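K.L.:
My questions are about this predicted structure, shown below with the sequence.
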Amino acid sequence: MDIESLTDFINLAKHKSFSKAAAARHVTQPAFSRRIRALEINLTTDLIDRQSRNFQLTPAGERFLVHALSIVDAAQRAISDTQSMVTRLHQPIYISAPSYLSKTFFPAWYKKMQAALPGLAIRLTNRNGSAAVDDLQKGLADFALVMIVEGVPVCYADDTLQKYRVGSDSVIAVRARHAIDDTGLLMHEGSYMNACADAVLGKKFKNAHTVFESSSTGLLKEMTLAGFGISVLPTSLVEDDLSQGYLTPVEGTKKAKADIFLVRVAKLGGKKAEKLWSLNRP
């Protein structure tokens with residue numbers, strides 16, 4: 001059993017058709033069927049209910065799909081993370097941060113840190129807030145930059161973490177001035193940003209329908225500018241669009257204050273990491 005076999009099975013479960021899954025995997029249907037059967041023989045159990053008139057996984061197949069998705073995702077993240085370690089920087093400090101902080105907060109903060117620590121090199125990886133903290137806890141990053149909205153609890157355990165406030169922002173509900181749909185919601189994938197959206201939108205939009213969803217804050221901004229609905233975004237990301245009139249705040253919503261934190265696990269790092277940490281203490 002290998003990653004390719006797991007990917008075959010995931011595609012079959014997704015398309016619910018041997019022919020469509022085979023096409024997605026760029027092989028003939030007979031060859032694809034043999035590969036799935038070989039996987040079942042390897043597992044000594046049937047994954048597909050071949051007695052059913054419609055495509056259906058067996059209970060064992062449903063269970064195995066959960067493992068297959070987890071294994072393939074872990075393998076892809078391992079490859080991506082390993083490749084990210086290939087760098088021409090000399091002894092860099094590794095930081096994980098959401099893409100919106102990378103665009104709005106990080107450049108000016110990095111310039112300030114470099115002025116205080118000549119020779120400082122940082123390798124930045126874009127991850128959402130909880131994933132950035134997960135990188136910390138797994139030892140894949142020295143620090144994380146996260147934004148925490150006032151009154152919205154974070155969705156990760158932080159009892160083993162240390163953090164210092166390094167900046168501020170807010171989140172705001174916006175729509176295009178001439179929106180196609182001013183009631184549909186463009187939402188983030190991930191429980192924390194959705195919780196932030198709920199805090200900003202309030203009861204007025206409690207029953208509003210979601211028309212688009214993405215993990216990319218930048219894409220949500222572009223879809224909002226295109227007029228597809230309302231989104232809740234960091235104010236720093238949309239302040240230029242607001243001032244130029246491309247976006248407008250949504251009536252009946254409130255802006256929520258947010259703080260930006262530099263976070264690390266509660267243990268000593270290298271000398272460069274300790275110097276960077278000490279610079280950000282209040």
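P.N.:
Perfect, I can see it now. Residues are numbered from 1 along each chain as shown.

K.L.:
Counting residues, name the longest helix you see in the chain.
P.N.:
When every helix of the chain is counted residue by residue (DSSP state H), the longest turns out to be helix 59-84.

K.L.:
May I see the buried residues of that helix?
P.N.:
Neighbour-count burial for helix 59-84, counted by 16 or more other Cβ atoms under 10 Å, picks out 60-61, 64-65, 68, 72. The C-beta positions use only the backbone N, C-alpha and C, and glycine is treated the same way.

K.L.:
who does the helix or strand just after it touch, helix- and strand-wise?
P.N.:
Helices and strands here follow DSSP states H and E; after helix 59-84, the next one along the chain is strand 93-97. Contacts of strand 93-97 with other secondary structure elements, assessed using 3 or more Cβ pairs under 8 Å, 6 or more residues apart in numbering; DSSP states H and E, are made with strand 122-126, helix 129-137, strand 143-149, helix 271-279.

K.L.:
Which residues does the next helix or strand after strand 93-97 contact?
P.N.:
Under the assignment DSSP H and E, the closest C-terminal helix or strand after strand 93-97 is helix 99-104. Here helix 99-104 makes contact (Cβ atoms under 8 Å, 6 or more residues apart in numbering) with 124, 126, 145-147, 169, 216-218, 233-234, 236-237, 260.

K.L.:
can you check stretch 129-145 too?
P.N.:
Outside of stretch 129-145, the residues that reach it under the criterion Cβ under 8 Å, 6+ apart are 81, 93-98, 101, 105-106, 125, 127, 146-147, 154-156, 158, 160-161, 166, 190, 192, 260-265, 269-270, 273, 276-277.

K.L.:
Could you rerun that using 7 Å?
P.N.:
Contacts of stretch 129-145 from elsewhere in the structure, counted by Cβ atoms under 7 Å, 6 or more residues apart in numbering, are 81, 93-98, 101, 106, 125, 127, 146-147, 155-156, 192, 260, 262-265, 269, 273.
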